[in-house]
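> sharing a model that was predicted from the sequence below.
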Amino acid sequence: LHEETKGVYLVRSGGSTQKPLIFPVDITENLEQRTVLANALTAANLFSPSTIALNMFGYSDMYRTAAILDDILEKCNATTLAVSSNIKYEDAYDTSLHFKPNFIFGTPSKLFLFAQHLKKNGLTLPIKNLLFAGEFLLPSYKTVFKEFLGTQNIYSLYGSAETGIWAWSDYSKNPSLFRI
């Protein structure tokens, strides 16, 4: 880093090495790519100024999925509830009751655990939209999401640490079709 002539955006990836790989990405290019994606998501009416998203992606260990989604939402003039994957489920539930999000973000496994917490405690939420990334969505999760999170629409993002997020899918309508 001390040999760089300007600041860089550091990205962490596990890749196929199973060891942390940290590399720099051009900051300007990274931000431009987010703007392009935000414009596409706004044009597709996925996000709007009325979007309020409970963001349960991770911010830890130099993984920035949550921060990237926060930035994209801001570029869409939407609101992010930046709670992270480390939030206590009780707090996520209380935050949802207070702010009434219409989107929930996270990895399928994290969102499933949150839904299981709601089930265990006899609770439900009315969050119409769910956006996931980072993992495969097991078909059995969809039923649990619908029953305990109120999910009606599911969306997915695709990309990698090396290239950023560059595609999205209306998973409810056509899970295998991604728009670039």
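Right, received. Where do you want to start? Everything numeric in this text was worked out from a predicted model, so none of it was measured. Numbers count the residues shown, from 1 in each chain.
> could I have the CA atoms of the longest helix seen in the chain written out in CSV?
Identified as the longest helix of the chain according to DSSP state H is helix 27-43. This file holds the C-alpha atoms of helix 27-43, laid out as CSV (Å, rounded to 0.1, in the frame of the first residue of the first chain):
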residue,chain,number,x,y,z
ILE,A,27,-11.7,3.3,-6.4
THR,A,28,-13.1,5.4,-9.3
GLU,A,29,-14.0,2.4,-11.4
ASN,A,30,-15.6,0.6,-8.4
LEU,A,31,-17.8,3.6,-7.7
GLU,A,32,-18.7,4.0,-11.3
GLN,A,33,-19.7,0.4,-11.5
ARG,A,34,-22.0,0.8,-8.4
THR,A,35,-23.6,3.9,-10.1
VAL,A,36,-24.3,1.9,-13.2
LEU,A,37,-25.9,-0.9,-11.2
ALA,A,38,-27.9,1.5,-9.1
ASN,A,39,-29.2,3.2,-12.2
ALA,A,40,-30.2,-0.2,-13.6
LEU,A,41,-32.0,-1.3,-10.4
THR,A,42,-33.8,2.1,-10.2
ALA,A,43,-34.9,1.8,-13.9
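> pull out the buried residues from it.
Using 16 or more other Cβ atoms under 10 Å as the test for burial, helix 27-43 gives 30, 33, 34, 37, 38, 40, 41, 42. Heads up, the C-betas are built off the backbone N, CA and C, glycines and all.
> so which other helices or strands are in contact with it?
Secondary-structure packing of helix 27-43 (3 or more Cβ pairs under 8 Å, 6 or more residues apart in numbering; DSSP states H and E): helix 65-75, strand 164-169.
> residue 97 is nearest to which of those?
Closest to residue 97 of the helices and strands packed on helix 27-43 is helix 65-75 (Cβ to Cβ; 20.5 Å).
> next secondary structure after that closest one?
Later in the chain than helix 65-75, the nearest helix or strand by DSSP states H and E is strand 79-82.
> what strands line up against that next one, and which way round?
For strand 79-82, the paired strands and their directions (DSSP bridges) are strand 52-55 (parallel).
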